[in-house]
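J.: Any chance you can model this:
(chains A, B and C)
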Amino acid sequence: MPALTLAELQSHLGGSIRGDPGTLVLGVASLQQAKPHQLGFVLNAKYLPQAVHSQAGALIVPDTADAEPFLHAVRQPCLAVANPHAAFAHAIALLQPEPQLAEDYDTSAVVAEDALIGDDVRIGAGAVIGAGASIGARCQIGPLSVIGPGVVLGDDCILHARVVVQHGCSLGNRVILHPGVVIGADGFGLAWDANSAGGRWLKVPQAGRAILEDDVEVGANTCIDRGALDDTVIETGVKLDNQIQIAHNCRIGRHTAIAACVGIAGSTTIGAYCQIGGAAMIIGHLNICDRVTISAGTFVAKDIREPGVYTSVQPLMKHEDWKHNAVHLRHLDALVRRIKSLEEKFKED
Amino acid sequence: MPALTLAELQSHLGGSIRGDPGTLVLGVASLQQAKPHQLGFVLNAKYLPQAVHSQAGALIVPDTADAEPFLHAVRQPCLAVANPHAAFAHAIALLQPEPQLAEDYDTSAVVAEDALIGDDVRIGAGAVIGAGASIGARCQIGPLSVIGPGVVLGDDCILHARVVVQHGCSLGNRVILHPGVVIGADGFGLAWDANSAGGRWLKVPQAGRAILEDDVEVGANTCIDRGALDDTVIETGVKLDNQIQIAHNCRIGRHTAIAACVGIAGSTTIGAYCQIGGAAMIIGHLNICDRVTISAGTFVAKDIREPGVYTSVQPLMKHEDWKHNAVHLRHLDALVRRIKSLEEKFKED
Amino acid sequence: MPALTLAELQSHLGGSIRGDPGTLVLGVASLQQAKPHQLGFVLNAKYLPQAVHSQAGALIVPDTADAEPFLHAVRQPCLAVANPHAAFAHAIALLQPEPQLAEDYDTSAVVAEDALIGDDVRIGAGAVIGAGASIGARCQIGPLSVIGPGVVLGDDCILHARVVVQHGCSLGNRVILHPGVVIGADGFGLAWDANSAGGRWLKVPQAGRAILEDDVEVGANTCIDRGALDDTVIETGVKLDNQIQIAHNCRIGRHTAIAACVGIAGSTTIGAYCQIGGAAMIIGHLNICDRVTISAGTFVAKDIREPGVYTSVQPLMKHEDWKHNAVHLRHLDALVRRIKSLEEKFKED
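T.: The predicted structure follows:
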C-alpha cells in the first residue's frame, strides 16, 4: 500500500493545505473508523463537527465559505478542495489501488487466433476470447470471462471475473463490467404460432447488438440484452448498479445513473442526466425525458415528458393496520361514489 | 452473411410474392433503419403506412384482407404471409444465423470420462461436464458452462456461455439457456432449531430436481431451483426472460411466457398459456389457473381461479402529489368510517 | 445411495422408535410421492391424517402431545422426535448425500503459488485461486469459481460452481455460496463532477471489504457488495435466498433470513432474527431493529424501531376493477378534503 504526504496528494488533487504538508497517510477510512495513519474525508460542512472527533491523521475538506467557521476546530492537517467527494475518489485510487491482473495472458486463457489484441492487454486465467474479437489497448479481461466472436472493446476497459459479452456487441473506452454481467444476451422476442395445437411461442432470433459507449460502468449480475433488429444503446457515462435488467432496444441517455434491481422493458428510451432509484420498474415502449428522477420502488407505466421527481409506492404500515386499510383499495371507486352521493344529497337538502 | 432471393425465402416460409421474385436481400433490419439491401417486415396492416417510407429492399407483409388496401402503395417487392411475425423470425434465422461453436470439443473443456456425449455435440472452451452426465445429439455447450454430475440433456439443446445445471437435473429437447442461468441450485429450505442459544436456522438439504421439458427457453441470469423433495417442473414450451427467480417445487404450465425480473416463491403452480408481466411477484403455495395474464409489477398473494387480466400497481405521480395522496393510505380505514358516519347522520337527519 | 435402518437413523437423530427398528429406508420423498422403500416426514400433527395415506415405508413424526391421538392410525414404523423438520434435514443429508468434488485439485484449476490451501481442500475444474488467498481445511471450491487475491476462507466452506469472491473479502467457517454468487463487487459509489461539460459521474473506488461470518448461506446469483470504506458485514447464521442484492456498508444481523429477490440499499443495518419476505425492497441508511418481519413485496423507506410484522403492498384486482379503483389514488388528498368539507357542512347544518 503506497504512503503519500499531503503535499504529494495536493500535486494530484489540487486544493490548498492547512497544517503540515509533510503529513504522511497510508490508506483511507471513514471518519468513524480511521486510524491516525489514515486519510479521512468530509463531504460537506455538515460533517465537520464529526471530523473533530475522528482519529484520522489528515482530512480532505471542502474549501467552501460555510466550512470556514468549523475548520479552526479541526486539529488534523487538511487538504481543502472544491469537490471533496471527487478528490477523495482520486485519493482512494492513489492510496489503495486495486489488485491488477498479471501482465500478459494467463496461459490457461483461450484466445482465438484471429482476435486482435491491443498493447498491454492483460487476460486472466481461463478467459475465452472469440474469433475476430478486437480488444483495445490496456484492457483487462478478468478470469473466466467470455468475449464472444466479433466483439469490439475500446481502450482501457476493465472486465472483472466471469463477465460475458455476446457476439458482435461493442464497448467504448474505459468501460467497467463487474462480475456476472451479461451483455448482449438475446432479448425476449416471441411470435405466437396459433397453428400448432393450442398454440405455442416461436423464438424470434435477436439480430441487433448491445452498444455501450465510453465510460459506462455496469454492476454485478446486471444484464443488457442485444437489440431485436436495431441496437440496444447505453450512452456515454451511464452508471448501472447491480442486478439490473435492460431489455432489447432500450436506449439510456448519457450520464444517467440507475440503482440496483431496476428493470426496464423493451424499446424504452430514457433521457440524459436521469436518476432512477433502486427496484424501480419501467414498462416497455416508453419515453422518459432528460433530468427525470424516479424514486426507489416506483412503477412507471407511462411517458414522462417533464423533468422532476416521480413516485408510486405504498407507505409502510404495521401489518394489522395494513389489513384494515388495504381492503378498501378494492372498493375505492364505490367509496368515491358514496361521497359524491352525500355531496349531492347535501346540496339538495 | 447469406444472401437470399425472395423466391428462396418463399421456399422456406411459404406465402405469395408480389413483385420481382429475384429480389436479393442480405440481412434484416427494422423499417426505420433498413438499407436497400435488407429485408424489413410489417407485423400487421397498422404498420403498412410506415413501410411506404422504409428504405428496405423487400418486405414481409400480412396477407390479410385489411392489409390489401394499403399494399398498392408499397413500392417494394413483398412476400405476403399469414403470420408475418413467425415468418420474419424464420427469415432472421436464415439471413443472419448466429455464430456456432466450433465442431467437436475445445481442448480446454473438462469432460468426465463416463459422460455420455451424443453425436455432433459441440463443447466450448473451458466447459465442465460432470460424471455420468448425458448430453443428447447436436447439443451446444457454451464456453465455461458447468453440467453437473448425472445431468441429462435431450437433443438439440443450446447452452450459451457460463450456464450452470446442477447435479441430477434434466432438460428436454431444444432447450435454450442463456448466459448466467442457474438450473437446480438449492431451494431455500430452512428448519428452525430453537435448542441453540437464541435459536438458529438449519439447512434442509434439497433432494428434488429441476426438470425442464421440451422447447423451454431461459433468459440470462435466471434461476430455477431444484425441488426440496419432489421436483420443480417447467413444462413444454415455457419461455422465461432474464433475471427471473423460480423457487423450489414450482410448476409452470406449458406455453406460459414470463417477462423479466419476476419472482415466484416456493410450491406455487402456474397454469398453461399464462402471461406474466415483468417484475410481477407471486408468493408461495398458490394456484394460478390456465390463461391468466398478470400485469407488470403486480403482486399476487392469493389463488387465481378464473382466466383474465389481474393487476395491483400504484399509479405514477409527481413526487409532491404522491406525498399528499399517499399519506391517506395509512388512514383509509378511518376515512371509510368517517364516510359511514356521515351517511348515517344524513339518514337520521 | 445409502440404506439405513430406523435404528441407525435413531442413533444419529435421537427420538423414539414406534414399530420395527430394523425397517430399512433408501432415500426420502414427500408424503404424496413416497414409495414403500422411502422415508417420509410429518412436520406437525396437522399433517398426520395425510400420512395415513402415504406409501412411505417409514416416517419421522412429532413426539408432541397433540400428535399422540393420530399416531395410532399410522401403520408405518415411525421415529418420533421433538423437531421433525430438523431431524428430517439431518436424515436427508444421511440418505441422499450430495455429490462431492473429487479429492484434491482438478488439474485444470489455476492456483496461485503463494495461496495457502488447508488440509483436504477440493478444487473443481477450472477454478481460479488468486495470489495470497487462504483457504481453510476441508473447503470445496466448485468448478469455474474465482477466489480473488488475498481472500480468506474459514474451514468447511462449500462454494458451488461459478462463484466469485473478490479481492480481500473474507468468509467464516461453514459458509455456503451457490452458483453465480458475487461477493465483494464494487458498491455503487459515484461522485458528481460538475466541472465537466454538463456534468458527469466519477467512480469512487470501493476500499472496504465484504465479510461473511460463520454459517452464512447465500443463494444463486445473489450479490453482496464490498464496503465503500468500512466493510459490508453479514453476521453469523444469516441465510440469503437467490437473486438478492445487498449494497455496500450494509450490516445484516445474526440469524436473519431473507427470501429471494430482495434489494437492500447502501448503509442499511438490519437486526438479528429478522425475516424478510421475497421481493421486499429496503432503501439505504435505515435501521431495522431485531425480530422484525417484513412481508413479501413490501417497500421499506423508514426506520423500524419495534419488533412486529410490517407490510406495504397493493391487493390484487381484476384489471377492470383496478382501472376504476386506482385512478382515485391520484386524487386521494382531494377526496379527503371533500369528506372534511361535508363533515363541516353537516356540523354547521
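
J.: mind checking which helix or strand A:Ala191 is in?
T.: For A:Ala191, the element it lies in under DSSP states H and E is strand A:190-193.

J.: what residues does stretch A:116-127 touch?
T.: A:100-106, A:108-111, A:129, A:133-147, A:155, A:161, B:108, B:126, B:144, C:110, C:126, C:128, C:144 (CB atoms under 8 Å, 6 or more residues apart in numbering or on different chains). C-beta here means a position set from N, CA and C on the backbone, and glycine is covered the same way.

J.: how long is it from one end to the other?
T.: Using CA to CA, to the nearest Å, one end of stretch A:116-127 lies 15 Å from the other.

J.: can you tell me the average pLDDT over that stretch?
T.: For stretch A:116-127, mean pLDDT is 97.

J.: Quick check: mean pLDDT of the strand holding A:Ala191?
T.: For strand A:190-193, the per-residue pLDDT averages 96.

J.: Show me the longest helix that occurs in chain A.
T.: Secondary structure of chain A per DSSP state H: the longest helix is helix A:332-348.

J.: Which positions in the strand holding A:Ala191 come out as buried?
T.: A:190-191 (16 or more other CB atoms under 10 Å in any protein chain shown).

J.: Does anything pack onto it? Which helices or strands?
T.: strand A:200-203, helix B:84-95 (3 or more CB pairs under 8 Å, 6 or more residues apart in numbering or on different chains; DSSP states H and E).

J.: pLDDT (mean, whole number) over stretch A:76-92?
T.: 95.

J.: before we move on, what about stretch A:302-314?
T.: 96.

J.: and the contacts of stretch A:116-127, which are buried?
T.: A:101, A:105-106, A:108-111, A:129, A:133-136, A:138-147, A:155, A:161, B:108, B:126, B:144, C:110, C:126, C:128, C:144.

J.: I'd like the list of the residues you listed that fall within strands, please.
T.: Mapping the buried ones among the contacts of stretch A:116-127 onto strands (DSSP state E) picks out A:110-111, A:129, A:134-135, A:140-141, A:146-147, C:110, C:128.

J.: Isn't A:Arg162 up against A:Ile141?
T.: No. Between A:Arg162 and A:Ile141 there is no contact, the gap being 11.0 Å when judged by CB atoms under 8 Å.

J.: I'd like to know how many residues surround A:Thr5.
T.: Using other CB atoms under 10 Å in any protein chain shown, A:Thr5 is surrounded by 17 other residues.

J.: swap that for A:His85, please
T.: Counted by other CB under 10 Å, the residues lying close to A:His85 total 21.

J.: Is it correct that it is in contact with A:Leu43?
T.: Yes. Counting by CB under 8 Å, A:His85 sits close enough to A:Leu43 to count as a contact (5.9 Å).

J.: which ones are touching A:Lys345?
T.: Going by CB under 8 Å, 6+ apart, A:Lys345 touches B:Phe346.

J.: what are the ranges of the helices in chain A?
T.: Going by DSSP H, chain A shows helices at A:6-13, A:48-52, A:68-71, A:84-95, A:319-326, A:332-348.

J.: closest to A:Ile234 out of the ones you listed?
T.: helix A:84-95 (21.7 Å; CB to CB).

J.: which other helices and strands contact the closest one?
T.: So helix A:84-95, by 3+ CB pairs under 8 Å, 6+ apart, packs with helix A:6-13, strand A:39-41, strand A:58-62, strand C:190-193, strand C:200-203.

J.: Restrict it to CA atoms and write it as CSV.
T.: Output of helix A:84-95 as CSV, limited to C-alpha atoms (Å, rounded to 0.1, in the frame of the first residue of the first chain):
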residue,chain,number,x,y,z
PRO,A,84,-14.2,16.8,-1.7
HIS,A,85,-16.1,13.7,-3.0
ALA,A,86,-14.2,13.8,-6.3
ALA,A,87,-10.9,14.5,-4.6
PHE,A,88,-11.4,11.6,-2.2
ALA,A,89,-12.3,9.3,-5.1
HIS,A,90,-9.0,10.2,-6.6
ALA,A,91,-7.1,9.8,-3.3
ILE,A,92,-8.5,6.3,-2.8
ALA,A,93,-7.3,5.2,-6.2
LEU,A,94,-3.8,6.6,-5.3
LEU,A,95,-3.6,5.2,-1.7
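
J.: Tell me what the nearest residue to A:Trp201 once chain neighbours are set aside is bridged to.
T.: Setting aside the residues directly before and after it, A:Trp201 is nearest to A:Leu190 in space (CB to CB, 6 or more residues apart in numbering or on different chains), at 4.4 Å. Listed beta-bridge partners, A:Leu190: A:Lys203 (assigned using DSSP bridges).

J.: about what we covered before: mean confidence (pLDDT) on the longest helix of chain A, please.
T.: On average, helix A:332-348 scores 89.

J.: Pull the distance from it to the chain's centre.
T.: 49 Å (CA atoms, centre = their mean, to the nearest Å).

J.: quick one: it to helix B:332-348, angle?
T.: Relative orientation of helix A:332-348 versus helix B:332-348 (axes from the mean of the first three to the mean of the last three CA atoms, to 10 degrees): 30 degrees.

J.: Of the helices of chain A, which is nearest A:Gly27?
T.: When the helices of chain A are compared by CB to CB, helix A:84-95 sits nearest A:Gly27, at 5.6 Å.

J.: Return the residues of the stretch 151-300 of chain A in contact with chain C.
T.: A:160-162, A:176, A:178-180, A:215, A:217, A:219-221, A:237, A:239, A:241-243, A:254-255, A:257, A:259-261, A:272-273, A:277-279, A:296-297 (CB under 8 Å from any CB of the partner chain).

J.: Show me the residue at the heart of chain A, geometrically.
T.: Most central in chain A under CA atoms, centre = their mean is A:Leu240, positioned 2.4 Å from the mean C-alpha point.

J.: Going by neighbour count, list what's buried in the helix or strand bottoming out on mean pLDDT in chain A.
T.: Lowest on mean pLDDT, DSSP states H and E among the helices and strands of chain A sits helix A:68-71, with a mean of 86. Using 16+ other CB under 10 Å as the test for burial, helix A:68-71 gives A:70-71.

J.: What helices and strands are in contact with that helix?
T.: Using 3+ CB pairs under 8 Å, 6+ apart: helix A:68-71 touches helix A:48-52.

J.: buried set for the helix it packs on?
T.: A:48, A:51.

J.: could you say what helices and strands it packs with?
T.: strand A:58-62, helix A:68-71.

J.: Nearest to C:His53, out of these?
T.: strand A:58-62 (71.5 Å).

J.: packing partners for that closest one?
T.: Judged by 3+ CB pairs under 8 Å, 6+ apart, strand A:58-62 is in contact with strand A:39-41, helix A:48-52, strand A:78-81, helix A:84-95.

J.: still on that earlier bit, can you redo the helices and strands packed on helix A:84-95 as TSV, where the extra columns are distance to C:Gln166?
T.: Converted to TSV, the helices and strands packed on helix A:84-95 look like this (distance: least, CB to CB, whole Å):
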stretch	distance to C:Gln166
helix A:6-13	26
strand A:39-41	23
strand A:58-62	26
strand C:190-193	19
strand C:200-203	15
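
J.: Nearest to A:Gln206, out of the ones you listed?
T.: Nearest to A:Gln206 among the helices and strands packed on helix A:84-95 is strand C:200-203 (29.5 Å), distances taken as CB to CB.
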